[in-house]
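Asks: what's the 3D shape of this:
(one chain, ligands or ions: 3)
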Amino acid sequence: MTSQQQNAVLVSAPGKVILFGEHAVVYGKPAIAASLGLRTYSWIRRTNDSNVRLNLPDIHTLPITWESRVLAELAAAHYRASDWATPAVLTPESETALSALIEGVTTPAVRQATLAFLHLYLSICKGRSDLDTCVRSALPVGAGLGSSASYSVTIAAGLLALGGYGEDPALVNGWAFMAEKVIHGNPSGVDNSLATYGGAKVYSHGKLEALGGFGSLRFMLTDTRVPKNTKRQVELVRERKLRFPLAMDLLIDSVQGIVEECKSLFLDVEQKRVSEDEMLTAMEALIDMNHGIMSACGVSHPSLEMVRLVTASHGLRSKLTGAGGGGCALTLIRPDTTRETLDSIKERLHLEGFMCFETEVGGVGVTVRSDPDACAWDSFADLPAAEWASLVSTLDKP
Ligand SMILES: Nc1ncnc2c1ncn2[C@@H]1O[C@H](COP(=O)(O)OP(=O)(O)O)[C@@H](O)[C@H]1O
Ligand SMILES: C[C@@](O)(CCOP(=O)(O)O)CC(=O)O
Ligand SMILES: [Mg+2]
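Replies: Numbering: from 1, shown residues only. Ligands and ions are numbered 1, 2, ... in the order given. Model prediction:
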């Protein structure tokens, strides 16, 4: 633990893209995922105004403010036994107590984010610090790119650093997982692990293993802008699994097979047993198979099928990525795909109201800065989107 408390921190953490294994990973199967170049930024500073303020300009216009005294009383009543060094889940009793603090907040997205923040603040800071927190993301929120996990990681890392409890990634990841539980219900842990550690990895049972080969692939992401909620999507799969266990267990096992096939493909390329071209063709088949299984699990959406259709008409393969039901699709770009082809795919998808982008994968995980320049961001919340994007693009270059 670095014992020095900070007055202000600027924390950032990446979103993620899942290549294979979403949903099945909730049932203990491995998943292949990588961090994204798009990140969430949390700016947290101490104040002496007897308040705790949370500003979430991406999803809520006004900051939400609590008196620190009220939070300290709540911490004494419900968080007495909790300890910053031991990540703990939000209990139903504490949730009821916290809900009373956000009675006026009716939007589910804002409630989930606020509850997650309060749980971390009360566990780690125990209501003892007056704080201003502002979170802004370059990621689309609720689109399958792990915004909830990068949000959780930045809050956890920021509160731990501000309290002088150091920057231990395992601890940050542990608390972020608890915040993800507040937002998702039953997360696998893949998203918060990627947001904490970054890179291109295989995630299995809480552990990450580096995966060579992934970084050399090129992808396009398409945000269908159809809103989805991960908690609901995970529940849908669970309901279907309860209703049809014999069929669903086999589908979930097949996803594990796809992940294993992908791992061995990367190995084959590394050891020159297959050519790059053969690997890409096989990868395309795996993308089709994984998407088909997700569709059979009930988590596709007509908008995602539209992305598949449009990209397939230009010879490219796509699958949903993340929880599905809307959100993003991932398209594998072949090295011989021309700029004109990509432009015409994007043009066609824009006509559907979708947004396409290409971004780096495999960059750094969470970073915490406490230098005055980075932290004196008084206009953090108010900068117009374009200026804000150009400011953050200068930070966290891997
Ligand atoms: N920048 C942000 N500001 C406030 N809340 C956020 C932000 N990013 C994520 N969240 C929280 O995470 C939720 C989205 O999580 P989720 O449904 O898992 O989608 P995803 O993780 O795929 O973006 C939001 O509804 C909100 O509660
Ligand atoms: C569906 C799932 O596998 C990934 C969810 O990712 P996202 O919240 O849609 O970015 C759930 C999980 O792993 O916790
Ligand atoms: Mg999420």
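Asks: so what's whatever residue of the stretch 151-300 of the chain ends up closest to ligand 3 up against?
Replies: Nearest to ligand 3 in the stretch 151-300 of the chain, going by C-beta to the ion, is Thr230, at a distance of 4.4 Å. In short, each C-beta sits where N, CA and C put it, glycine included. By C-beta atoms under 8 Å, 6 or more residues apart in numbering, the residues touching Thr230 are Gly142, Gly144, Ser148, Ile183, His184, Pro187, Gly322, Ala323.
Asks: Within reach of ligand 3, which of those residues are there?
Replies: When C-beta under 5 Å from the ion is applied, the members of these adjacent to ligand 3 are Ser148.
Asks: For Asp378, which three-state class applies?
Replies: What DSSP: H, G, I helix; E, B strand; the rest coil gives for Asp378 is coil.
Asks: Distance from the chain centre to stretch 102-110, please.
Replies: Its chain's C-alpha centre and that of stretch 102-110 lie 21 Å apart, by C-alpha atoms, centre = their mean, to the nearest Å.
Asks: And that stretch, end to end?
Replies: Stretch 102-110 has its terminal residues 10 Å apart, counting by C-alpha to C-alpha, to the nearest Å.
Asks: I'd like to know how far the residue in the chain sticking out farthest from the centre sits from Met279.
Replies: Taking C-alpha atoms, centre = their mean, the residue of the chain most remote from its mean C-alpha position is Arg273, at 34.7 Å. Here the criterion is C-beta to C-beta, to the nearest Å. By it, Arg273 lies 10 Å from Met279.
Asks: Arg128 too?
Replies: In this view, Arg128 and Met279 are 54 Å apart by C-beta to C-beta.
Asks: which other residues reach stretch 196-216?
Replies: 13-14, 19, 21, 25, 28-35, 153, 169, 172-173, 176, 188-190, 193-194, 259, 263, 265-267, 269-270, 279, 361-366, 398.
Asks: If we go by neighbour counts, what in stretch 275-283 is buried?
Replies: Using 16 or more other C-beta atoms under 10 Å as the test for burial, stretch 275-283 gives Met279, Leu280, Ala282, Met283.
Asks: Now the two most distant members of those.
Replies: Greatest spatial distance among the buried residues of stretch 275-283 (C-beta to C-beta): Leu280 and Ala282, at 7.3 Å.
Asks: Where does the residue of the stretch 101-250 of the chain found nearest ligand 3 fall, secondary structure wise?
Replies: Nearest residue of the stretch 101-250 of the chain to ligand 3: Ser148, at 3.3 Å (C-beta to the ion). If you go by DSSP states H and E, Ser148 is part of helix 147-162.
Asks: Could you do Cys262 as well?
Replies: In the assignment (DSSP H and E), Cys262 maps to helix 245-270.
Asks: circling back to that earlier point, and the closest residue to the residue of the stretch 101-250 of the chain closest to ligand 3 other than its chain neighbours, how close does it get to Ala77?
Replies: By the measure of C-beta to C-beta, 6 or more residues apart in numbering, the closest residue to Ser148 outside its immediate chain neighbours is Ile183, 4.5 Å from it. Distance, Ile183 to Ala77, using C-beta to C-beta: 24 Å.
Asks: With neighbour numbers in mind, choose between the two.
Replies: Set Ile183 next to Ala77 and count neighbours by other C-beta atoms under 10 Å: Ile183 wins out with 21 against 11.
Asks: Pretty sure that one sits in a helix.
Replies: Yes - membership of Ile183 in a helix is supported by three-state DSSP.
Asks: Can you verify my assumption that it contacts Ser152?
Replies: Yes - in this structure Ile183 lies within contact range of Ser152 using C-beta atoms under 8 Å: 7.0 Å.
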